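>>> Got a sequence here, can you build the structure:
(chains A and B)
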Amino acid sequence: MQYLRQIGAYFLMLGNIFRKTTKWSALRKLIFKEIDDLIIGSLGIVCFISFFVGGVISIQTALNIDNPLIPKYLVGFATRQSVILEFAPTLISIIMAGKVGSFITSSIGTMRVTEQIDALEVMGINPLNYLVLPKIIAMMLYPFIIIISMFLGILGGWMASIYGGFSSSADFVEGLQIDFIPFHMTYAFIKTVVFAFVLATVPSFHGYYMKGGALEVGKASTTAFVWTSVVIIVLNYIITQLLLA
Amino acid sequence: MIQVENIHKTFGENHVLKGITTSFEQSKTNLVIGQSGSGKTVFLKCMLGLFTPEEGEIYYSGQAYSEMDRDQRIDLRRDMGMVFQGSALFDSMTVEENVTFPMEMFSKKSKEEMRDRANVALERVNLVNANDRYPSEISGGMQKRVAIARAIVMNPKYLFCDEPNSGLDPRTAILIDNLIQEITDEFNITTVINTHDMNSVMEIGEKIVFLKDGYLTWEGTNKEIFKTDNEAVTNFVYSSELFKKVRKMYLEDSH
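Numbers count the residues shown, from 1 in each chain, chains lettered A, B, ... in the order given. Next up is the predicted model:
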């Protein structure tokens, strides 16, 4: 019952985000600030993880190919498929749930605890529109992070494969090009946009409706991470079933 | 002027406000006092429109809140200034940005005009040379002054203060009290202050409303509070030996 109430409250919150909009000049400033905090601020960790995980994917694939009948280009093929279909859109989103999600929950939660949200309300400002809409708009640039993640994941795989002596550059590149289905990119970006919306709104919900003090802000951040991850995993399954099955 | 008529507010099983009726006049510092849990903050939040009472009505300059449409309520909110207990300054903004914030949201003034207006408000609360500092870099008393400057920068008709003296040393607390009283007179504002501070009650309580367990059990001025025989009020206000002596001296002098 409690979960149903929470889900209902979440959807009501979504409706309220788009009501009584904040003045554009103020909103624009907030959007740029959120782009800096949520997108630019996440580039470092995404680049680092993508490069090394891409490398690990190619090494693991190469080490599991014992049969001489399996072509060598499979390393590149498997790296491409893993990175584009799952690693970049889904696993990076789960990492972002920890990085960006907990930042969103703790910043909004702290504003709640210190009555800054009440202050906005008293001034006649819609706090949900003021606080959450710029985050949603900023997160619409999230696909650019995923493009970089895909590129670096594959680059990491290529370098690990070449310099580890698992495959030649020509074989790896052949694997990258073989049986490429452009719709897989569309599928990955549809997922990315949906996850971006979840990453902006689920942690905002947990921060906005939290009660208590500093300790509860920490608890709300943890809860937000768990629920954002759960929602991403479930939506990943549903979208995959709908688009690829 | 704010008139409150028979308001009731409950949270689940908890009946917090039980039929409160009173009025708060313009150009007066109106104080709401009572023990913790007596319903003061809920009462203030009802007047701010943050909580909706289940029963009763609140009139702002004669206009009933429940009869206002959405635009009128937004306009009313813009006529309100609020000083929160913890100041509630936006910690990612400087002092000047905090004070210009309401203007940025609701006025079409140029940046220069907004800065000038913010400087006037900051000078009025005796805070100069702090424009570029962040709330975390200034003292609690200075934060309260910034909060007052932010509350008055749009020339509000109604000023609400929730425990404006909490956490301040006695000298700063008196300065803040006097500042609020001066601003109330100067800008012709209806000011409502929630307080526990008995110095404030004695010094600036032009009208005092006493809440106990959600009921309004007494109302009067800071002069009348010395003479009242309402047991709940005397037990609360004169709980310390010092205030008992002050009261005794006042009553002896007045005879």
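
>>> Who are the contact partners of whatever residue of chain B ends up closest to chain A?
At 3.3 Å from chain A, B:Arg77 is the closest residue in chain B, using CB to the nearest CB. Bear in mind the C-beta positions are built from the backbone N, C-alpha and C, glycine included. B:Arg77 makes contact with A:Val122, A:Met123, A:Gly124, B:Gly49, according to CB atoms under 8 Å, 6 or more residues apart in numbering or on different chains.

>>> Which of these sits closest to A:Lys20?
A:Gly124 (8.7 Å; CB to CB).

>>> hang on, the closest one in a helix?
No. A:Gly124 is assigned coil when assessed by DSSP: H, G, I helix; E, B strand; the rest coil, not a helix.

>>> Surely it and B:Asp79 touch.
No. Counting by CB atoms under 8 Å, A:Gly124 stays clear of B:Asp79, with 9.2 Å between them.

>>> The two: which is more packed in?
Taking neighbours as other CB atoms under 10 Å in any protein chain shown, A:Gly124 and B:Asp79 compare with A:Gly124 leading, 19 against 16.

>>> Let me know whether the least confident helix or strand in chain A by mean pLDDT sits next to chain B.
Lowest by mean pLDDT, DSSP states H and E among the helices and strands of chain A is helix A:116-122, with a mean of 90. Yes. On the criterion CB under 8 Å from any CB of the partner chain, helix A:116-122 is in touch with chain B at A:Gln116, A:Asp118, A:Ala119, A:Glu121, A:Val122.

>>> who touches the third one in this structure?
By CB under 8 Å, 6+ apart, A:Ala119 lies in contact with B:Met82, B:Phe84, B:Ala88, B:Phe90.

>>> Return only those of those residues found close to chain A.
B:Met82, B:Phe84, B:Ala88, B:Phe90.

>>> Looking at neighbours, which among the residues of helix A:116-122 next to chain B is most surrounded?
A:Ala119 (26 neighbours).

>>> Tell me the spacing between it and B:Arg115.
21 Å (CB to CB, to the nearest Å).

>>> ok so, going back, and the helix or strand harbouring the residue of chain B closest to chain A, what's its mean pLDDT?
Using DSSP states H and E, B:Arg77 maps to helix B:70-78. The average pLDDT for helix B:70-78 rounds to 83.

>>> and that helix, how far from the chain's centre?
19 Å (CA atoms, centre = their mean, to the nearest Å).

>>> Would you mark the buried spots in that helix?
B:Leu76, B:Arg77, B:Arg78 (16 or more other CB atoms under 10 Å in any protein chain shown).

>>> The following helix or strand past it pairs with which strands, parallel or anti?
Sequence order places strand B:80-83 as the next helix or strand after helix B:70-78, per DSSP H and E. Applying DSSP bridges to the sheet, strand B:80-83 is found paired with strand B:158-162 (parallel).

>>> Let me see the mean pLDDT of the strand it pairs with.
On average, strand B:158-162 scores 91.

>>> Stretch A:130-146 too?
96.

>>> so how far is the least confident helix or strand of chain A off the chain centroid?
Worked out by CA atoms, centre = their mean, helix A:116-122 lies 29 Å from the chain centre.

>>> ok, now how distant is the residue nearest the centre of chain A from B:Arg133?
Residue closest to the average C-alpha location in chain A (CA atoms, centre = their mean): A:Ser93, at 2.6 Å. Going from A:Ser93 to B:Arg133 by CB to CB gives 39 Å.

>>> Taking chain A, what residue is nearest to chain B?
Counting by CB to the nearest CB, chain A gets nearest chain B through A:Gly124, at 3.3 Å.

>>> show me what contacts that residue?
B:Ile74, B:Arg77, B:Arg78, B:Phe106.

>>> repeat that for 10 Å
Contacts for A:Gly124 were tallied using CB atoms under 10 Å, 6 or more residues apart in numbering or on different chains; they are A:20, B:49, B:73-80, B:102, B:105-106.

>>> May I see those arranged in TSV, with distance to A:Gly207 as well?
Formatted as TSV, these follow (distance: CB to CB, whole Å):
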residue	distance to A:Gly207
A:Lys20	20
B:Gly49	23
B:Arg73	26
B:Ile74	25
B:Asp75	29
B:Leu76	28
B:Arg77	23
B:Arg78	26
B:Asp79	29
B:Met80	25
B:Pro102	23
B:Met105	21
B:Phe106	25
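
>>> and of those, the nearest to B:Asn119?
Nearest to B:Asn119 among the contacts of A:Gly124, with distances taken as CB to CB, is B:Pro102, at 14.9 Å.

>>> which SSE is the closest one in?
Using DSSP H and E, the element containing B:Pro102 is helix B:95-106.

>>> Now do that helix against helix B:70-78, angle only.
Using axes from the mean of the first three to the mean of the last three CA atoms, to 10 degrees, the inter-axis angle of helix B:95-106 relative to helix B:70-78 is 160 degrees.

>>> Just checking helix B:95-106 against chain A, any contact.
Yes. Helix B:95-106 comes into contact with chain A (CB under 10 Å from any CB of the partner chain), by way of B:Asn98, B:Phe101, B:Pro102, B:Glu104, B:Met105, B:Phe106.

>>> Any of the residues you listed buried? List them.
If we count by 16+ other CB under 10 Å, those have these buried: B:Asn98, B:Phe101, B:Pro102, B:Met105, B:Phe106.

>>> Please tell me I have it right and the fourth one contacts A:Asn129.
Spelled out, it's B:Met105. No. In this structure, B:Met105 is not within contact of A:Asn129 by CB atoms under 10 Å, at 11.5 Å.

>>> Mutual contacts of these two, please.
A:Thr22, A:Leu120.

>>> Find the residue closest to A:Phe197 in space, skipping its chain neighbours.
Nearest non-adjacent residue to A:Phe197, counting by CB to CB, 6 or more residues apart in numbering or on different chains: A:Ile136, 6.5 Å away.

>>> thinking again about what came up before, hey, C-alpha coordinates of the helix holding B:Arg77 in CSV?
Provided in CSV are the C-alpha atoms of helix B:70-78 (Å, rounded to 0.1, in the frame of the first residue of the first chain):
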residue,chain,number,x,y,z
ARG,B,70,-5.2,30.9,-8.5
ASP,B,71,-3.9,34.3,-9.8
GLN,B,72,-5.1,36.1,-6.7
ARG,B,73,-3.4,33.6,-4.5
ILE,B,74,-0.1,34.1,-6.4
ASP,B,75,-0.5,37.9,-6.1
LEU,B,76,-1.1,37.4,-2.3
ARG,B,77,2.0,35.3,-2.0
ARG,B,78,4.0,38.1,-3.6
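
>>> Show the model's pLDDT score for A:Tyr208.
So, for A:Tyr208, pLDDT stands at 95.

>>> Correction: the previous question concerned A:Arg19.
86.

>>> so who does B:Glu25 touch?
B:Glu25 neighbours (CB under 10 Å, 6+ apart): B:Met1, B:Ile2, B:Gln3, B:Thr190, B:Thr191, B:Glu206, B:Lys207.

>>> Next step: these restricted to strands.
B:Ile2, B:Gln3, B:Thr190, B:Thr191, B:Lys207 (DSSP state E).

>>> now for those, which pair is the farthest apart?
B:Gln3 and B:Thr191 (15.3 Å).

>>> Which of those two has more residues huddled nearby?
B:Thr191 (28 against 16).

>>> for that one, what are its contacts?
B:24-31, B:81, B:83, B:156, B:158-161, B:180-181, B:183-185, B:204, B:206-207.

>>> Tell me the bridge partners for the closest residue to B:Ser23 other than its chain neighbours.
Spatial nearest neighbour of B:Ser23, excluding adjacent residues (CB to CB, 6+ apart): B:Gln3 at 4.5 Å. Beta-bridge partners of B:Gln3, counted by DSSP bridges, are B:Ser23, B:Tyr59.
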